[in-house]
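[1] I need the structure of the sequence given here:
(one chain, ligands or ions: 2)
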Amino acid sequence: MSLYAESARTQQMVSVGFSLPHRRKARMTFCSGKVSELCAISRGCVGLPSRGYFLTLADRSSILLFRLSIKRDLNMRQKIGESRSKFRDNHALMSHDSHERTTLPNWPGIDLVIVIAPQMGAKFSQFFAHMPAGSIAHPPLEGMERFIFVLDGEVELSIEGTIHKLQQEGYAFLPNDRNYQINAKIDTRLIVLERPFVQLEGQPSPTLHVANAKKLTAVPMKGDDMLMLKKLIPENLTYDCEFNIMDFSPGASLPYVETHFMEHGLLFLNGGGIYRLDDCWYPVEKGDIIWMGPYCPQWFGAIGRSNARYLIYKNWNRDPHAF
Ligand code: UGY
Ligand code: MN
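    Numbering: from 1, shown residues only. Ligands and ions are numbered 1, 2, ... in the order given. Sure thing, here's the model as predicted:
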């Protein structure tokens, strides 16, 4: 017997009930409510506190349904001292429950969560920026290039005499040593990546690139149409990195365990599955961040009913000795 929760995407409703493995059609719905009302699904417990229902798996064959008096402290609460976040020599997983907010001078009045940084061994930094409406962000330290991607909200990017409007999945590659402003029109969440630019001899500097990932066409990765790829920035030698979105149908996986000198910074945009990093297998979901250091063996398999999709950075187009 297993518990399930389903979401009808259009209505944002969740049904909570149970299914019996030997009679796949024997599903019962106990109660339903908005996604935001769903309290917790774990270890045989389902809660919809605002409706006063609480469901408990008593043993393998019976279910008890309690009507509880509504208590304020039924909200999702971490188990004391537990988190999915892990930090190892050649990789890290950062789950939402361990985010710590900080501030930086070039992001005034803006909460940042720096999830990847040189302090952990990475050669780049990656962070969430929670920009309140009206806040303005400024360029990074000298020599650093920056990539910004709108998770939700809207910003105006003022650069080179032009204002670019970036909405959800809008993004910009901002070459180093440029002057610009990022102005939040409404409350906005960005994911940002910064790294020291590595110029290639004989090549000009890369140009500003602004687009929206929703408008790009995905292509099968290595011939697998269950694994679709969008390349977000131009494929020419002036760029020393790449940013891609990889979209796995349920059941799809990376074709083999990759090992390479290039690093990754990755954000799960949707769905989830199992990520192998080195000799560890991690359950991962939307909102998780992964750092993969050089030669970290890596593999991913998508599990679940919806596609698993991630935004991934990689250093690219430069000799291993150039870093
Ligand atoms: O481009 C990549 O190296 C990518 N396939 N790696 C990954 O998804 N872990
Ligand atoms: Mn890789």
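[2] tell me the pLDDT at the residue in the chain that ligand 1 sits nearest to?
    Nearest to ligand 1, among the residues of the chain, is Gln298, at 4.3 Å (CB to the nearest ligand atom). C-beta coordinates here come from the backbone N, C-alpha and C atoms, glycine included. With respect to pLDDT, Gln298 scores 98.
[3] what about Thr207, which SS state?
    coil (DSSP: H, G, I helix; E, B strand; the rest coil).
[4] so Arg305 sits in a strand?
    No: looking at Arg305 with three-state DSSP, it is coil, so not inside a strand.
[5] contacting residues for it?
    Shown in contact with Arg305 (CB atoms under 8 Å, 6 or more residues apart in numbering): Pro250.
[6] chain neighbours aside, what residue packs nearest to Ala218?
    Met228 (3.8 Å; CB to CB, 6 or more residues apart in numbering).
[7] got the contact list for the one you found?
    Residues near Met228 by CB under 8 Å, 6+ apart: Ala218, Val219, Pro220, Met221, Met246, Asp247.
[8] ok, the fifth one to Met226 distance?
    Computed as CB to CB, to the nearest Å, the Met246 to Met226 distance reads 11 Å.
[9] go on, the second one?
    Taken as CB to CB, the spacing of Val219 relative to Met226 amounts to 13 Å.
[10] and those two? which has more neighbours close in?
    Applying other CB atoms under 10 Å to Val219 and Met226 shows that Met226 carries more neighbours, namely 15 against 11.
[11] now the more buried one: closest residue in space that isn't a chain neighbour?
    Spatial nearest neighbour of Met226, excluding adjacent residues (CB to CB, 6+ apart): Ala252 at 3.7 Å.
[12] assess the claim that Leu166 and Asp152 are in contact.
    No: counting by CB atoms under 8 Å, Leu166 stays clear of Asp152, with 11.3 Å between them.
[13] tell me which of those two has more neighbours.
    The neighbour count for Leu166 versus Asp152, taken as other CB under 10 Å, is higher for Leu166 (23 against 12).
[14] list the beta-bridge partners for the more buried one.
    Residues in a beta bridge with Leu166, per DSSP bridges, are Val155.
[15] OK, contacts around it?
    Taking CB under 8 Å, 6+ apart as the definition, contacts of Leu166 comprise Ile148, Val150, Glu154, Val155, Glu156, Leu157, Ala172, Val210, Asn212.
[16] which residues sit in contact with the fourth one?
    In this case it means Val155. Met131, Ile148, Lys165, Leu166, Gly170, Ile182, Asn183, Ala184, Lys185, Thr188, Leu190.
[17] the first one: neighbour count?
    Met131: 26 surrounding residues under other CB under 10 Å.
[18] in strands, which of the contacts of Val155 appear?
    Met131, Ile148, Lys165, Leu166, Gly170, Ile182, Asn183, Ala184, Thr188, Leu190 (DSSP state E).
[19] residues in contact with the second one?
    Just to be clear, that refers to Ile148. Val155, Leu157, Leu166, Tyr171, Ala172, Leu174, Ile182, Leu190, Ile191, Val192.
[20] which strand or helix spans the second one?
    In other words, Leu157. strand 155-159 (DSSP states H and E).
[21] what about that strand, distance to the chain center?
    23 Å (CA atoms, centre = their mean, to the nearest Å).
[22] then that strand to CSV, C-alphas only?
    Provided in CSV are the C-alpha atoms of strand 155-159 (Å, rounded to 0.1, in the frame of the first residue of the first chain):
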residue,chain,number,x,y,z
VAL,A,155,13.5,42.8,-14.1
GLU,A,156,14.7,45.5,-16.5
LEU,A,157,18.3,45.2,-17.5
SER,A,158,19.7,48.6,-18.5
ILE,A,159,22.9,48.1,-20.5
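[23] now do the buried residues in that strand.
    Residues of strand 155-159 classed as buried: Val155, Leu157, Ile159 (neighbour count, 16 or more other CB atoms under 10 Å).
[24] again, but for stretch 228-244
    Neighbour-count burial for stretch 228-244 [16+ other CB under 10 Å]: Met228, Leu229, Lys230, Leu232, Ile233, Tyr239, Asp240, Cys241, Glu242, Phe243, Asn244.
[25] on the three-state scheme, the fifth one is what?
    Secondary structure of Ile233, reduced to three states by three-state DSSP: coil.
[26] just the last one next, same as before
    Taking three-state DSSP as the rule, one finds Asn244 in the strand state.
[27] beta partners of it?
    Beta-bridge partners, per DSSP bridges, of Asn244: Lys231, Ile312.
[28] tell me the contacts of it?
    Leu229, Lys230, Lys231, Leu232, Leu311, Ile312, Lys314.
[29] return only those of these found close to ligand 1.
    Among the contacts of Asn244, the residues lying close to ligand 1 (CB under 6 Å from any ligand atom) are Ile312, Lys314.
[30] for the record, mean pLDDT for stretch 131-144?
    Mean predicted confidence for stretch 131-144 is 98.
[31] start to end distance for it?
    21 Å (CA to CA, to the nearest Å).
[32] so, low pLDDT: which residues of the stretch 201-323 of the chain?
    Across the stretch 201-323 of the chain, nothing is flagged by pLDDT under 70.
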